[in-house]
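> Sequence below, structure please.
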Amino acid sequence: QVQLVESGGGLVQAGNSLRLSCAASGRTFSSYAMGWFRQAPGKEREFVAAISGSGGTTYHVDSLKGRFTISRDNAKNTVYLQMNRLKPEDTAVYYCAAYRSLVGYSGNAKAYDYWGQGTQVTVSS
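Just a heads-up that it's a prediction; the model follows:
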């Protein structure tokens, strides 16, 4: 069982940056692929980025490449999402998620077994 707790969300002006964190419980964090998803009001949950257990491989949705970056620190059981040059359309609840995989990563929400409660990001214009 893995418990995930996101933090770092908030209200920010367009053009600024935020870094989200997701702290995971357990002693086998490096055995889990991690992902970030987001859900805006009235929209379906969408994939943002994923990272393999070792952190050696990352995958970002094309529309966010260059602005958003996923990373992880396995010594701290934490995955991060660095968000730069934020836009009002980035406003959403951001979720981290995990599934057990030594080498893989996925952009499919159905692959993930564990989810955090989400953290709100609001970008004002």
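> What mean pLDDT does stretch 62-71 get?
With pLDDT averaged residue by residue, stretch 62-71 scores 96.
> no no, stretch 16-34
Mean predicted lDDT for stretch 16-34 stands at 95.
> Would you mind measuring from G107 to V48?
9 Å (C-beta to C-beta, to the nearest Å). No exception for glycine: its C-beta is placed from N, CA and C like everyone else's.
> ugh, wrong one, I meant Q120
Distance, Q120 to V48, using C-beta to C-beta: 15 Å.
> same deal with Y105?
In this view, Y105 and V48 are 12 Å apart by C-beta to C-beta.
> end-to-end on stretch 107-120?
21 Å (C-alpha to C-alpha, to the nearest Å).
> wait, I meant stretch 80-100
18 Å.
> Name the residues linked to the residue most central in space within the chain by a beta bridge.
In the chain, the centroid-proximal residue (C-alpha atoms, centre = their mean) is W36; its distance is 2.5 Å. Taking DSSP bridges as the rule, W36 bridges to A49, C96.
> Quick check, it in contact with R19.
No. Using C-beta atoms under 8 Å, W36 is not in contact with R19; the gap is 11.7 Å.
> list residues touching both of the two?
Common neighbours of W36 and R19, counting by C-beta atoms under 8 Å, 6 or more residues apart in numbering, are L81.
> Just give me the neighbour total for K65.
If you count neighbours by other C-beta atoms under 10 Å, K65 ends up with 11.
> residues near G116, how many?
If you count neighbours by other C-beta under 10 Å, G116 ends up with 21.
> quick one, what contacts it?
Per C-beta under 8 Å, 6+ apart, neighbours of G116: 4-6, 22, 95-97.
> So among these, which ones count as buried?
Among the contacts of G116, those classed as buried by neighbour count (16 or more other C-beta atoms under 10 Å) are 4, 6, 22, 95-97.
> export these to JSON lines and tack on distance to A75?
Output for the buried ones among the contacts of G116, formatted as JSON lines (distance: C-beta to C-beta, whole Å):
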{"residue": "L4", "distance to A75": "17"}
{"residue": "E6", "distance to A75": "19"}
{"residue": "C22", "distance to A75": "15"}
{"residue": "Y95", "distance to A75": "23"}
{"residue": "C96", "distance to A75": "18"}
{"residue": "A97", "distance to A75": "21"}
